[in-house]
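A.B. asks: Pasted the sequence and its predicted model underneath.
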Amino acid sequence: MTAHNVTIAGYLVAVAGIVLLQVLATRTRVPIPSLGDLLTRAMRSRTGRVGVLVAWAWIGLHFFAR
């Protein structure tokens, strides 16, 4: 297994964890905020908006630019 495959597997595990938390937040009574709630809270401040923009750019640069 190459380093690239390990990296992709790690990101897939992270995405699966995010999906699992989103399902738990929306389908059960577990006190976990949904992804929308987290983004809404982050977007309230300028620092949060810049952080979301940088994260979006980083994801785009590393996954979609080839």
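C.D. replies: Now that the structure is in, tell me what you want to look at. Numbers count the residues shown, from 1 in each chain.
A.B. asks: So for the longest helix seen in the chain, mean pLDDT?
C.D. replies: Taking DSSP state H as the criterion, the chain has its longest helix at helix 3-27. In this model, helix 3-27 has a mean pLDDT of 91.
A.B. asks: Just the buried residues of it, please?
C.D. replies: Using 16 or more other C-beta atoms under 10 Å as the test for burial, helix 3-27 gives 21, 22, 25. For glycine as for every other residue, the C-beta is placed from the backbone atoms N, C-alpha and C.
A.B. asks: residue contacts, residue 30?
C.D. replies: Contact analysis of residue 30 by C-beta atoms under 8 Å, 6 or more residues apart in numbering lists residue 24.
A.B. asks: what helices or strands is the following helix or strand past the longest helix of the chain leaning on?
C.D. replies: Using DSSP states H and E, the next helix or strand after helix 3-27 towards the C-terminus is helix 35-42. Packing contacts for helix 35-42, counted by 3 or more C-beta pairs under 8 Å, 6 or more residues apart in numbering; DSSP states H and E, involve helix 3-27, helix 46-59.
A.B. asks: would you put the C-alpha positions of the last one in CSV?
C.D. replies: By that I understand helix 46-59. Extracted C-alpha coordinates of helix 46-59, given in CSV (Å, rounded to 0.1, in the frame of the first residue of the first chain):
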residue,chain,number,x,y,z
ARG,A,46,-15.0,36.9,10.6
THR,A,47,-12.3,34.4,11.8
GLY,A,48,-14.8,31.6,11.3
ARG,A,49,-15.7,32.7,7.8
VAL,A,50,-12.0,32.9,6.9
GLY,A,51,-11.4,29.5,8.4
VAL,A,52,-14.3,27.9,6.4
LEU,A,53,-13.0,29.6,3.2
VAL,A,54,-9.4,28.3,3.8
ALA,A,55,-10.7,24.8,4.5
TRP,A,56,-12.8,24.9,1.4
ALA,A,57,-9.8,26.1,-0.7
TRP,A,58,-7.5,23.5,0.8
ILE,A,59,-10.0,20.7,0.0
